[in-house]
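Chemist: Dropping the sequence and predicted coords here.
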Amino acid sequence: MAYVPSATTNRTSPQKDNRNTIYAILIAIILLLLGYIVYDKTQDKKTEQINFQTVQNLDSAKSVLQAEFEIASKQVDTLTANNTQLETALSEKNSELAKTKSAINSILKQKNVSVDDLKKAQKLITDYKGQLEGLQAEVAKLKGENLQLTADKQQLTTEKTQLTTEKEQLSTEKNQLTTEKKNLEDKVDVASTLTASHINITAIKMRGEKEKETETAKRADFFRLSFVIDENRVSASGKKSLYVVVISPDGKTSVPHGSFKTRDGVELQYTETIDVNYEQGKVLPVSFDWKPGTQFIPGDYKIEIYNNGFKIGETKKPMKKGGLFS
């Protein structure tokens, strides 16, 4: 299967739309918060400053300052309570507010206050309101940053999910290609296996330097095995190993020299190995002589030829017992 890159391109459009929507919401929230801050500040400016030159009753002036301070204090408490998740980021500003609040309380809790005390309290309350405005602005900024981080996180999560899906798809395709490649290699491997035909076995008895064919076991000196490697247009040219298994009449491998595994995983003993130089697409005649090491015995000798783990040919050679004078 071929991976189609265009799938990634097509999905980017809805992602951009989602991000633009989040940005619009973020900007709207920030504008609302800033509008509230400006409005609140305007309202504060409308509050008349106490003219301590004309104040006849300091307790009344103290009450006005106390009420003004309580309103600002409640705003601070509400803002802090609603933004506990920003506590670490706002700790420094909260510390400043706490110090100013403590200073104001220490003055307003006095039973007998002077004009200078009330002036100082008024200035502190003005500072307190200014710190409140700074806190409100910082909260708005941090909320905006949090919204931005949330949007980015959501975008990254979406992209990660898509990348994971693509990775899994690529892994599946890779496994499929690997399987297809393995199957193709197996087919080529099987197709490159040689085949043997025209298998012939002749029992030879030597008389001096002359050879004579025989069918009698006790007269035979060796077997001459001949066959033809058929044309194969898949198998590459080069050295090919053939395993020859000679099974004697008693059912055992005659004179084993080693073992090999068939394609079925069965381990077989072989009698001889023959290396031939094969040329691709050509027919190759093969012939060799084999001696059992001991005298042949009467019965059927079975010859099997293997290449590439497959049996590529077999035949039988019956050997007669022979008479007393044979």
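Modeler: Okay, I see it. Numbers count the residues shown, from 1 in each chain.

Chemist: in stretch 93-108, what's buried?
Modeler: For stretch 93-108, the neighbour count (16 or more other C-beta atoms under 10 Å) marks Lys93, Asn94, Leu97, Thr100, Lys101, Ile104, Ile107, Leu108 as buried. Bear in mind the C-beta positions are built from the backbone N, C-alpha and C, glycine included.

Chemist: and the residues you listed, which of them are in helices?
Modeler: Secondary structure from DSSP state H places Lys93, Asn94, Leu97, Thr100, Lys101, Ile104, Ile107, Leu108 of these in helices.

Chemist: would you list those residues in CSV and tack on pLDDT and distance to Asn175?
Modeler: Output for these, formatted as CSV (pLDDT from 0 to 100; distance: C-beta to C-beta, whole Å):
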residue, pLDDT, distance to Asn175
Lys93, 70, 57
Asn94, 72, 57
Leu97, 77, 62
Thr100, 81, 68
Lys101, 80, 67
Ile104, 79, 73
Ile107, 81, 78
Leu108, 80, 77
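
Chemist: Need these in JSON lines (columns: distance to Thr271).
Modeler: Shown next, in JSON lines, are those (distance: C-beta to C-beta, whole Å):
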{"residue": "Lys93", "distance to Thr271": "96"}
{"residue": "Asn94", "distance to Thr271": "95"}
{"residue": "Leu97", "distance to Thr271": "101"}
{"residue": "Thr100", "distance to Thr271": "106"}
{"residue": "Lys101", "distance to Thr271": "105"}
{"residue": "Ile104", "distance to Thr271": "111"}
{"residue": "Ile107", "distance to Thr271": "116"}
{"residue": "Leu108", "distance to Thr271": "115"}
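
Chemist: How many neighbouring residues does Gly309 have?
Modeler: When counting by other C-beta atoms under 10 Å, one arrives at 17 neighbours for Gly309.

Chemist: separation between it and Ser254?
Modeler: 21 Å (C-beta to C-beta, to the nearest Å).

Chemist: now Gly281
Modeler: Taking C-beta to C-beta, one finds Gly281 at 34 Å from Ser254.

Chemist: Bridging across strands, which residues link to Asp300?
Modeler: Pro318 (DSSP bridges).

Chemist: quick one, what contacts it?
Modeler: Neighbouring residues of Asp300 by C-beta atoms under 8 Å, 6 or more residues apart in numbering: Pro249, Lys316, Lys317, Pro318, Met319.

Chemist: Which secondary structure elements does the strand or helix carrying Ala72 sit against?
Modeler: Ala72 is part of helix 58-81, with elements assigned from DSSP states H and E. Secondary-structure packing of helix 58-81 (3 or more C-beta pairs under 8 Å, 6 or more residues apart in numbering; DSSP states H and E): helix 91-108, helix 115-191.

Chemist: From Lys302, how far off is Asn200?
Modeler: 14 Å.

Chemist: Between those two, which has more neighbouring residues?
Modeler: Ranked by neighbour count (other C-beta under 10 Å), Asn200 and Lys302 place Lys302 first, with 18 against 13.

Chemist: Surely that one and Lys252 touch.
Modeler: No: applying C-beta atoms under 8 Å, one finds Lys302 not in contact with Lys252, separated by 10.8 Å.

Chemist: And the pLDDT at Gly265?
Modeler: pLDDT for Gly265: 92.

Chemist: Check the secondary structure at Val228 for me.
Modeler: strand (DSSP: H, G, I helix; E, B strand; the rest coil).

Chemist: Measure how buried it is and give me the count.
Modeler: Neighbour count for Val228, taken as other C-beta under 10 Å: 17.

Chemist: what's the domain layout of this structure?
Modeler: Using automatic domain parsing, the domain ranges for the chain come out as 6-172, 196-319.

Chemist: For those domains, state which one has the densest average packing.
Modeler: Per-stretch averages of neighbours, counted by mean count of other C-beta atoms under 10 Å, single out domain 196-319 among the domains of the chain, with a mean of 15.
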